[in-house]
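J.: Structure, please.
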Amino acid sequence: MTTAIKYSFEDALAASQKVNWKIEDIIGGNKRLDFSRAFLPEGLARTEELAFLDADERRVLSQIRGHAYLNIFGLVEEFILPFVLDHARPSLAGDDYRTRALLQFAGEEAKHIHLFKTFAEEFRKGFGHECQMIGPPQAIAREVLSHHPLGVALVILHIEWMTQRHFIEAITGDLEIDPQFKSLLRHHWMEEAQHAKLDTLMVEAIADSCTPGEIEHGVDEYLAIGGFIDEGLKAQTQFDLEAFERATGRVLNVEEREEFLRVQHQANRWTYLGTGMSHPEFLKTVGSLSDVQRARLEQVAPAFC
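T.: Predicted coordinates for the structure are as follows:
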C-alpha cells in the first residue's frame with residue numbers, strides 16, 4: 001500500500017468557508033452568456049478533430065458540449081448529495097468538525113444543483129434550440145446508489161478530482177471561451193477543491209471496515225458504475241449530434257456522422273472518465289487501499305483517454 005493522503009475535517013471546513021459564494025453573484029441579471037464565444041475548452045471538447053466542421057460549427061458544438069457539461073455535473077450531484085448526508089448521519093453526535101464539514105459539503109452540492117439549473121435556463125434563452133440530456137437524474141442516482149458504498153465513494157472522489165483537473169489543465173489557460181462560462185466553472189472548482197479532501201476522508205473511513213476482498217469488490221463496483229456512465233455518455237453523444245444538426249441546419253452524411261460519434265464519444269469518455277481515473281491524487285488514494293487495485297485502474301484508464 002502507498003501512504004494515505006492526510007486531510008482534516010477542520011482544515012477543509014475552514015477553507016470552504018473562505019471561498020463561499022452566492023448564485024446571484026455569478027449568473028443572472030447583466031451577467032449573460034456570450035454565444036459568440038466557445039464554452040467548453042478545446043482540451044475537453046475536441047471539436048478541432050472534426051475537420052469537416054468550420055469555425056462557426058465548432059463554436060456551436062462547443063456550446064452544446066458546455067451545456068451538457070454543466071447539466072451532467074448537476075445530474076451526478078443528485079447522487080452525491082444523498083450519499084454525503086447518509087454518510088454524515090450516523091455520527092452527528094461525534095466529531096463536530098466532521099459533522100459541520102460534511103453538512104457544508106452537502107449544502108454546497110445542493111447549491112451547485114441550483115446553479116446548474118439556473119445556467120440551463122439561461123442557456124435555453126440564449127441558444128434557441130433544444131439540447132436533450134440523459135436522465136432522469138433520479139433514475140441515474142438510484143442506479144449509482146444501489147452499488148457498494150466504497151464503489152460509490154470512489155466514483156464521487158473521481159468526480160471531485162476530475163473537476164480540479166479540468167479547471168487547472170484545460171479551462172484556466174483557455175483565452176477563447178466565454179468569460180461568463182469560465183466564471184461558472186471557476187466558482188464550481190473553488191468549492192470542489194475542498195470536496196476532494198472530504199471525500200478522501202470518506203473513502204478512507206469506509207475502507208477501514210473493509211476486508212481486502214471487500215476493497216476489491218468496491219473497485220469492481222466503481223468500474224461497474226463507470227461502465228454505466230459510459231453507456232450514458234454514448235447516448236449523450238447522440239443527443240449532442242442531434243442538437244448540432246438542429247442548431248446549424250446542417251445534416252451530416254453517413255461518414256461524417258460516424259466520425260462525429262466516434263470522436264465525441266471518446267472526448268466525453270476523456271472528460272468524465274479518463275481525467276478522473278488517471279488523476280494522480282485519485283490513484284494515490286486507491287493505492288493507499290491496495291497497490292493491486294491501483295495497478296488495475298492504471299491498466300484500465302488508457303481506454304478512456
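
J.: Give me the pLDDT value at Glu109.
T.: Looking at Glu109, its pLDDT reads 84.

J.: can you check Ala4 too?
T.: You'll see Ala4 listed with a pLDDT of 52.

J.: Now Val19. Nearest residue, chain neighbours left out?
T.: Leaving aside its sequence neighbours, Val19 sits nearest to Met190 (CB to CB, 6 or more residues apart in numbering; 4.5 Å). Heads up, the C-betas are built off the backbone N, CA and C, glycines and all.

J.: Determine the number of other residues adjacent to that neighbour.
T.: 17 (other CB atoms under 10 Å).

J.: which helices and strands does the host helix or strand of it pack with?
T.: Using DSSP states H and E, the secondary-structure element containing Met190 is helix 179-208. Identification of packing neighbours for helix 179-208 by 3 or more CB pairs under 8 Å, 6 or more residues apart in numbering; DSSP states H and E yields helix 9-18, helix 55-88, helix 96-127, helix 149-165, helix 212-248, helix 280-289.

J.: How far off centre is that helix?
T.: Put simply, helix 179-208 sits 10 Å off its chain's centre (CA atoms, centre = their mean, to the nearest Å).

J.: Quick one: mean pLDDT for it?
T.: When the per-residue pLDDT values of helix 179-208 are averaged, the result is 88.

J.: what's the angle from it to helix 96-127?
T.: Regarding helix 179-208 and helix 96-127, their directions subtend 150 degrees when assessed with axes from the mean of the first three to the mean of the last three CA atoms, to 10 degrees.

J.: Ile229 contacts Leu273, correct?
T.: Yes - counting by CB atoms under 8 Å, Ile229 sits close enough to Leu273 to count as a contact (6.7 Å).

J.: tell me the contacts of Leu81?
T.: For Leu81, the residues meeting the contact criterion (CB atoms under 8 Å, 6 or more residues apart in numbering) are Ala106, Glu109, Ala110, Ile113.

J.: Pick out whichever of the residues you listed sits closest to Trp161.
T.: Glu109 (15.6 Å; CB to CB).

J.: Number of residues surrounding the closest one?
T.: 25.

J.: For it, give me its contacts.
T.: Glu77, Ile80, Leu81, Val84, His195.

J.: let's see 7 Å
T.: For Glu109, the contacting residues are Glu77, Ile80, Leu81, Val84, by CB atoms under 7 Å, 6 or more residues apart in numbering.

J.: Would you format the residues you listed as a markdown table with distance to Leu50 and pLDDT included?
T.: Shown next, in a markdown table, are these (distance: CB to CB, whole Å; pLDDT from 0 to 100):
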| residue | distance to Leu50 | pLDDT |
| --- | --- | --- |
| Glu77 | 30 | 87 |
| Ile80 | 32 | 89 |
| Leu81 | 36 | 88 |
| Val84 | 38 | 86 |
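
J.: Please produce CSV containing those, extended by distance to Phe52.
T.: Compiled in CSV, the contacts of Glu109 are given as follows (distance: CB to CB, whole Å):
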residue, distance to Phe52
Glu77, 35
Ile80, 38
Leu81, 41
Val84, 44
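
J.: tell me which element Glu48 is part of?
T.: Assigned by DSSP H and E, Glu48 belongs to neither a helix nor a strand.

J.: any idea how far the nearest residue to Asp34 once chain neighbours are set aside is from Gln236?
T.: Leaving aside its chain neighbours, Asp34 sits nearest to Asp178 (4.5 Å; criterion: CB to CB, 6+ apart). According to CB to CB, to the nearest Å, Asp178 and Gln236 sit 21 Å apart.

J.: Between these two, tell me which one has more neighbours.
T.: Counted by other CB under 10 Å, Asp178 and Gln236 do not tie: Gln236 has more neighbours, with 24 against 20.

J.: what residues are up against the more buried one?
T.: Taking CB under 7 Å, 6+ apart as the criterion, Gln236 is in contact with Ala68, Ile134, Asn268.

J.: Throw these into TSV and include distance to Thr163 and neighbour count, thanks.
T.: Rendered in TSV, the data for these read as follows (distance: CB to CB, whole Å; neighbours: other CB atoms under 10 Å):
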residue	distance to Thr163	neighbour count
Ala68	15	25
Ile134	19	20
Asn268	16	27
